[in-house]
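In: Turn this into a structure:
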Amino acid sequence: VQLVESGGGLVQPGGSLRLSCLASGFTFSSYEMRWYRQAPGKERELVASIKRTGGSIYYADSVKGRFTISRDNAKNTVTLQMNSLKPEDTAVYYCNFYGRVSATNYWGQGTQVTVSS
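Out: You can find the predicted model right below:
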């Protein structure tokens with residue numbers, strides 16, 4: 001099982017970034033996918049999630065209206081489009097899913113997002 005995030009970087013407040021997570025080693029279309037983030041000194045928090053077919057989506061209140069999660073089951077990818085970025089969005093962003101059979105939370109290596117002028 002592998003989750004590989006990409007797309008992080010340094011952006012000014014008000015800017016945009018698009019994160020991608022490429023999944024392999026499991027049946028991607030069978031699992032809900034999630035994006036978490038962890039800022040320095042803070043607990044990891046759920047940012048957004050998307051069900052298997054994309055029909056049900058969750059956003060944390062702090063990102064509603066600014067972030068959009070989507071998935072492409074043909075390409076085994078889940079993306080997080082982040083607009084109107086704020087300094088408080090600065091964190092390491094992680095791709096995640098919960099493997100029901102193994103009862104294991106799987107994580108990517110994370111990608112750093114820094115919002116600063």
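In: mind listing the helices for the chain?
Out: Using DSSP state H, no helices are assigned anywhere in the chain.
In: So which residue is smack in the middle of it?
Out: Centroid-nearest residue in the chain: residue 35, 2.7 Å away (criterion: CA atoms, centre = their mean).
In: distance of that one from residue 81?
Out: Note on residue 35: its distance to residue 81, by CB to CB, to the nearest Å, is 11 Å. (C-beta placed from N, C-alpha, C; glycine too.)
In: what is in contact with these two at once?
Out: residue 69 (CB atoms under 8 Å, 6 or more residues apart in numbering).
In: hang on, the earlier thing: surely the residue nearest to the centre of the chain meets residue 49?
Out: Yes: when contacts are counted by CB atoms under 8 Å, residue 35 is listed as touching residue 49 (7.5 Å).
In: which neighbours do these two share?
Out: Residues within reach of residue 35 and of residue 49 at once, by CB under 8 Å, 6+ apart, are residue 69.
In: Contacts only, for the residue nearest to the centre of the chain.
Out: Residues 19, 21, 46-49, 69, 78, 80, 93-96 are the ones in contact with residue 35 under the rule CB under 8 Å, 6+ apart.
In: Pull the contacting residues for residue 96.
Out: Under the criterion of CB under 8 Å, 6+ apart, the contact partners of residue 96 comprise 3, 33, 34, 35, 36, 105, 106, 107, 108.
In: show me where this protein has strands.
Out: With DSSP state E, the ranges of strands along the chain come out as 2-6, 9-11, 17-24, 33-38, 45-50, 57-59, 67-72, 77-82, 91-99, 104-107, 111-115.
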